[in-house]
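Undergrad: Below are the sequence and a predicted model; questions follow.
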Amino acid sequence: MSAKKDESSGEPAKDQSLGEFLRTIRLSMPMTLREAEDASGVSNAYLSQLEQGKILKPSPHFLHKLAVAYGVSYEALMEKAGYVDKGPTARLTGRLATFANKKLTAEEEQELLKFLGYIRSQKKS
């Protein structure tokens, strides 16, 4: 699997799969799978399966660990994994909306995701 990059910015290409995106980020650090395991707490075997596209929709918990370890946006990983739709009418497709009595706006959903990321980061401390 080759790591595609956006020629203008050197950043991972937007059309990359989740696995390709994770591999591109990891290799750009540079970091081995074992080093990524140490940094994230996610096994190198699982990371390898993610990068190879054998696991397409990992849990948000693992995505958060990888976002922190790789220094990338949790929201970007959630989008790549299919939990958040792309586009101007993007809506969360996971269970987050069930926690609200009323239908959440896209802005409210994004704020809840940020807050959830914050809570999870505090649990590590």
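TA: Great, that's in hand.
Undergrad: So what touches the helix or strand where residue 66 lies?
TA: Assigned by DSSP states H and E, residue 66 belongs to helix 60-70. Applying CB atoms under 8 Å, 6 or more residues apart in numbering, the contact partners of helix 60-70 are 22, 25-26, 29, 36, 39-42, 46, 72-74, 76-78, 81, 83, 94, 116-117, 120-121, 124. All C-beta atoms are positioned from the backbone trio N, CA, C, and that covers glycine.
Undergrad: Just the buried residues out of these, in ChimeraX syntax.
TA: The buried subset of the contacts of helix 60-70, as determined by 16 or more other CB atoms under 10 Å, is captured in ChimeraX by this line:
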select :22,25,26,36,39,40,42,46,72,74,76,77,78,81,83,117,120
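Undergrad: any idea whether the one residue sitting closest to the centre of the chain is helix, strand or coil?
TA: Geometric centre of the chain, nearest residue: residue 77, 2.0 Å, by CA atoms, centre = their mean. What DSSP: H, G, I helix; E, B strand; the rest coil gives for residue 77 is helix.
Undergrad: excluding its backbone neighbours, what's nearest it?
TA: residue 63 (4.3 Å; CB to CB, 6 or more residues apart in numbering).
Undergrad: Can you report how many residues lie near that neighbour?
TA: Using other CB atoms under 10 Å, residue 63 has 25 other residues around it.
Undergrad: Check the gap between it and residue 105 for me.
TA: According to CB to CB, to the nearest Å, residue 63 and residue 105 sit 23 Å apart.
Undergrad: measure residue 79 to residue 71 for me?
TA: According to CB to CB, residue 79 and residue 71 sit 17 Å apart.
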